[in-house]
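J.: Got a predicted structure here, sequence first:
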Amino acid sequence: MTENYIAFGKRQVTKEEYFAPGHRACIGCAEALAVRLAAKALGPNTIIVAATGCMEIVASQMPWTSWRLPWIHTLFENTAAVASGIESGLRTLESKGKKPVEGINVVATAGDGGTSDIGLQALSGALERGHKFLYICWDNEAYMNTGIQRSSSTPYGASTTTAPAGKQSIGQMTWKKNLPAIVAAHNIPYVATACPSYPFDFMDKVVKGSKVDGPAYIHVFSVCPTGWRSAPEMSIELGRLAVQTGVFPLFEIENGKYKINVNTPKRKPVADYLKIQGRFRHLSEQEIKLIQDRVDKEYDALVERAEKDKAA
């Protein structure tokens, strides 16, 4: 082990910070932690394409930046398109013998709004064309950067500024869009879910996704104390609860085959996860049961699919 690495059991993690401290993320922001871990896993030979969103705002206010990697800010809707162009340009340079560094990671990043809503068409096109790049979605389940507006990734029953809970409203009326399944339908080599509360699982997936020969996609659960109205010191615990209750299972889809990474056969009640978030405080026991039933159904279907693929 060199002095530039720190050991965690049999693992080594670089001490280098490619997403530097001093940014302006909110206290307890799990997304900032996820970006930091991803940057460590990717290393210095990485080009980041980032959509408008929280990380663009907190980490790139002129004349300062927290990025110690080549970084391009693009619009909400075309992150994957810009990453596609960079990847195509690097391939062209390589074909001409002009590529300066081998093994450059092209990584597109955006929030759930820039992925599941505004940027979905560009992402779908890039996946269909087969560009070799890694796309990471930071899913904090709403447009947090612009005022906590609902997105198609906002979970059922959550109160947001554009889907507020009230006497005649439960808040968000639709169920969270299943982006990993939509991406997997493009038949790309690698799709995964991840959470910074499970840092080694997360970093392993980032490394694996970056080495895939073709498109790779990682959907990251990103606790937002500001938008979720949760205690900042609870962000890591909330991420763990999301996994332990089955609200956000951790799995991979490699070449179409599902594999659960953290199996929780004795899951905790969904109420344990909901009750420590202000955005769900209005929910009745009946509504919580409805959410519990939905989580159980979807988790059981995921387990069945993974077991079937394992046996195949």
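T.: Now that the structure is in, tell me what you want to look at. Note that the structure is predicted; figures quoted are calculated from it, not measured.

J.: buried sites along stretch 238-249?
T.: The neighbour-count check on stretch 238-249 (16 or more other C-beta atoms under 10 Å) flags Leu238, Gly239, Arg240, Leu241, Ala242, Val243, Gln244, Thr245, Gly246, Val247, Phe248, Pro249 as buried. Where C-beta positions appear, they are placed from N, C-alpha and C, glycine not excepted.

J.: Wait, the last one touches Leu302, no?
T.: Yes - the pair Pro249 / Leu302 is scored as a contact, 5.8 Å apart, by C-beta atoms under 8 Å.

J.: So for these two, which residues contact both of them?
T.: The contact sets of Pro249 and Leu302 overlap at Ile260 (C-beta atoms under 8 Å, 6 or more residues apart in numbering).

J.: Could you point out which of the buried residues of stretch 238-249 is nearest to Val270?
T.: Nearest to Val270 among those is Thr245, at 5.0 Å by C-beta to C-beta.

J.: And the strands in the stretch 201-312 of the chain?
T.: Secondary structure of the stretch 201-312 of the chain (DSSP state E, counting those that start in this stretch): strands at 216-221, 251-254, 257-260.

J.: strands paired with the first one, and their directions?
T.: Paired with strand 216-221 in the same sheet, following DSSP bridges, are strand 134-139 (parallel), strand 190-194 (parallel).

J.: returning to what we had before: pick the most deeply packed of the strands of the stretch 201-312 of the chain.
T.: Compared across the strands of the stretch 201-312 of the chain, strand 216-221 shows the largest average neighbour count, a mean of 27 (mean count of other C-beta atoms under 10 Å).

J.: hmm, who's touching it?
T.: Contact with strand 216-221 is made by 30-31, 34, 38, 127, 133-139, 179-180, 183, 188-197, 202, 205-206, 208-210, 239, 242-243, 248, as judged by C-beta under 8 Å, 6+ apart.

J.: Could I get the strands of the stretch 201-312 of the chain in TSV, plus columns for mean pLDDT and distance to Ser60?
T.: Shown next, in TSV, are the strands of the stretch 201-312 of the chain (pLDDT from 0 to 100; distance: least, C-beta to C-beta, whole Å):
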stretch	mean pLDDT	distance to Ser60
strand 216-221	98	19
strand 251-254	98	31
strand 257-260	98	36
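
J.: quick one: which of those is nearest Gly171?
T.: Set against Gly171 and scored by C-beta to C-beta, the strands of the stretch 201-312 of the chain come closest in strand 216-221, at 19.5 Å.

J.: would you put the C-alpha positions of that closest one in CSV?
T.: Extracted in CSV, the C-alpha atoms of strand 216-221 (Å, rounded to 0.1, in the frame of the first residue of the first chain):
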residue,chain,number,x,y,z
ALA,A,216,-23.3,1.9,-18.5
TYR,A,217,-25.9,3.5,-16.1
ILE,A,218,-25.9,3.9,-12.3
HIS,A,219,-28.9,5.2,-10.5
VAL,A,220,-27.8,6.7,-7.1
PHE,A,221,-30.1,7.2,-4.1
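
J.: If you count neighbours, what's buried in the helix ranked longest in the chain?
T.: Looking across the chain with DSSP state H, the single longest helix is helix 285-311. By 16+ other C-beta under 10 Å, the buried positions in helix 285-311 come out as Glu287, Ile288, Ile291, Gln292, Arg294, Val295, Glu298, Tyr299, Leu302, Val303, Arg305, Ala306.

J.: cool, and stretch 154-163?
T.: For stretch 154-163, a neighbour-count test (16+ other C-beta under 10 Å) marks Thr154, Pro155, Tyr156, Gly157, Ala158, Ser159, Thr160, Ala163 as buried.

J.: List the contacts of that stretch.
T.: So stretch 154-163 is contacted by 141-142, 147-150, 165, 169-176, 227, 247, 278-280, 282-283, 287, 290-291, 294 (C-beta under 8 Å, 6+ apart).

J.: Just the buried ones among these, please.
T.: By 16+ other C-beta under 10 Å, those give 141-142, 148-150, 165, 170-172, 176, 227, 247, 279-280, 282-283, 287, 291, 294 as buried.

J.: Go through the residues you listed and flag which are in helices.
T.: Using DSSP H, the buried ones among the contacts of stretch 154-163 in helices are Gly227, Glu287, Ile291, Arg294.

J.: Farthest pair within those residues?
T.: So, these by C-beta to C-beta: farthest apart are Gly227 and Arg294, at 21.5 Å.
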